[in-house]
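In: give me a 3D structure for the following:
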Amino acid sequence: MSDTRSPRSELGAFLKARRAELTPATVGLADDGTVRRVPGLRRDEVARLATMSTGYYTRIEQGRLPASATALSSLVRALRLDEAQRAYLYELAGQAPAMRRRSSVQKVRPSVQRMLDALGHSPAIVFGRYTDILAWNAAAAALYRDFAELKPAERNYTRMLFLDPVMRALYVDWEDAGRISAATLRMATADNPDDPRLAALVGELSVRSSEFREWWNGRIVTDLTSGTKRYCHPLIGPLTLECDTWTSPNNPDVMFMILTAEPGSPEDNALRILSSWNTAPAPTTQPADTPHD
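Out: All right, here's what the predicted structure looks like:
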């Protein structure tokens, strides 16, 4: 089922999940040797690290008290939060920079499609909010599948990753890809937790995928912008590609992803061969409006 908690309750759940990941040794505390009923740091240990009273921290974690800016800063330090986790924490606390009002339907300009097509045999995709697939080139269709064959509501990367057996089999490191995708989607809930479309997507994935449900409830967040993806394509076999992403400077809800290989490498040649087999051109019209929010 979807997560319908208030932001304050969700903040508390996030703090609890994060302290469960830490041990006294990882934060420089001496272990007193007593048996811990649950893994991770105790509330009093987090409070000590954050230089606040245990009662004050407990009320924040229980959602009974809003966290001040000073308290949030102390918790970022105490819980060793990275940049993505810090951003998520501040979003939940209502202290992140205000986001622009979102339109109900996302589209890309024809010039963006032309840019994707100009990348030739390098697969490229434009994602909208919640990892909706808004545009792609022929190379991406050859690597993944022809997204034009799907209904607009089904053109969602996270949904396909967890529910489409073909997409799942494509990834050598599927668990890593799944965790990152769930974490990316979790980041999107911080600034717009009541979006009914997001709730519907999370609800469907939670019901139909035990892995998604586990990773979603773990409250992992990330903002990875680059890395390596390993595939096992049914036509060309193993394929390792470099992945780079950029957020649009004009719209924070739009992200570009490009997969590349070293020129002249076996992977580069494999991409050329794969693209040559896929003769269907990428759509010249708007490929995927997102469903109404």
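In: pLDDT at residue 258, what is it?
Out: With respect to pLDDT, residue 258 has a value of 96.
In: quick one: it and residue 271, what's the gap?
Out: 12 Å (C-beta to C-beta, to the nearest Å). To be clear about C-beta, it is placed using only N, CA and C from the backbone, and glycine gets the same treatment.
In: who's more crowded, these two?
Out: Set residue 258 next to residue 271 and count neighbours by other C-beta atoms under 10 Å: residue 271 wins out with 25 against 19.
In: checking that one next. Helix, strand or coil?
Out: Here residue 271 takes the helix state, with states given by DSSP: H, G, I helix; E, B strand; the rest coil.
In: dump the residue contacts of it.
Out: Contacts of residue 271 were listed using C-beta atoms under 8 Å, 6 or more residues apart in numbering, and they are 121-123, 139, 143, 239, 241, 261.
In: go again with 6 Å.
Out: Residue 271 is in contact with 121, 261, counting by C-beta atoms under 6 Å, 6 or more residues apart in numbering.
In: do you know how far it is from residue 111?
Out: If you go by C-beta to C-beta, the gap between residue 271 and residue 111 works out to 24 Å.
In: equivalent analysis for residue 61, please.
Out: Per C-beta to C-beta, residue 61 is found 48 Å from residue 111.
In: and the pLDDT at the residue nearest to residue 218 when sequence neighbours are not counted?
Out: Of all residues beyond its chain neighbours, the one nearest residue 218 is residue 17 (6.2 Å), with distances taken as C-beta to C-beta, 6 or more residues apart in numbering. For residue 17, the pLDDT comes out at 89.
In: also the one 4 residues further on?
Out: Note on residue 21: pLDDT of 87.
In: just give me the neighbour total for it.
Out: The number of residues near residue 21, taken as other C-beta under 10 Å, comes to 15.
In: what does residue 83 give?
Out: Other residues within reach of residue 83 by the criterion other C-beta under 10 Å amount to 11.
In: the one 5 residues further on too?
Out: The number of residues packed near residue 88 is 28, by other C-beta under 10 Å.
In: now the element after the least confident helix or strand in the chain by mean pLDDT, going C-ward?
Out: Across the helices and strands of the chain, the lowest-confidence element by mean pLDDT, DSSP states H and E is helix 83-92, at a mean of 82. Heading C-terminal from helix 83-92, the first helix or strand you meet, by DSSP states H and E, is helix 110-117.
In: would you mind listing the buried residues in that next one?
Out: For helix 110-117, a neighbour-count test (16 or more other C-beta atoms under 10 Å) marks 112-113, 115-117 as buried.
In: mind putting those into a markdown table with distance to residue 73 and pLDDT?
Out: Output for these, formatted as a markdown table (distance: C-beta to C-beta, whole Å; pLDDT from 0 to 100):
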| residue | distance to residue 73 | pLDDT |
| --- | --- | --- |
| 112 | 39 | 90 |
| 113 | 43 | 92 |
| 115 | 40 | 94 |
| 116 | 41 | 94 |
| 117 | 46 | 94 |
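In: where does pLDDT dip in the stretch 101-250 of the chain?
Out: Flagging of the stretch 101-250 of the chain using pLDDT under 70 yields the residue ranges 101-105, 191, 193, 220-225.
In: which stretches in it count as strands?
Out: Listed in chain order, the strands of the stretch 101-250 of the chain (DSSP state E, counting those that start in this stretch) span 124-127, 133-136, 226-233, 237-248.
In: follow-up on the earlier one: would you reformat the buried residues of helix 110-117 as JSON lines and include distance to residue 52?
Out: Compiled in JSON lines, the buried residues of helix 110-117 are given as follows (distance: C-beta to C-beta, whole Å):
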{"residue": "112", "distance to residue 52": "48"}
{"residue": "113", "distance to residue 52": "52"}
{"residue": "115", "distance to residue 52": "50"}
{"residue": "116", "distance to residue 52": "50"}
{"residue": "117", "distance to residue 52": "55"}
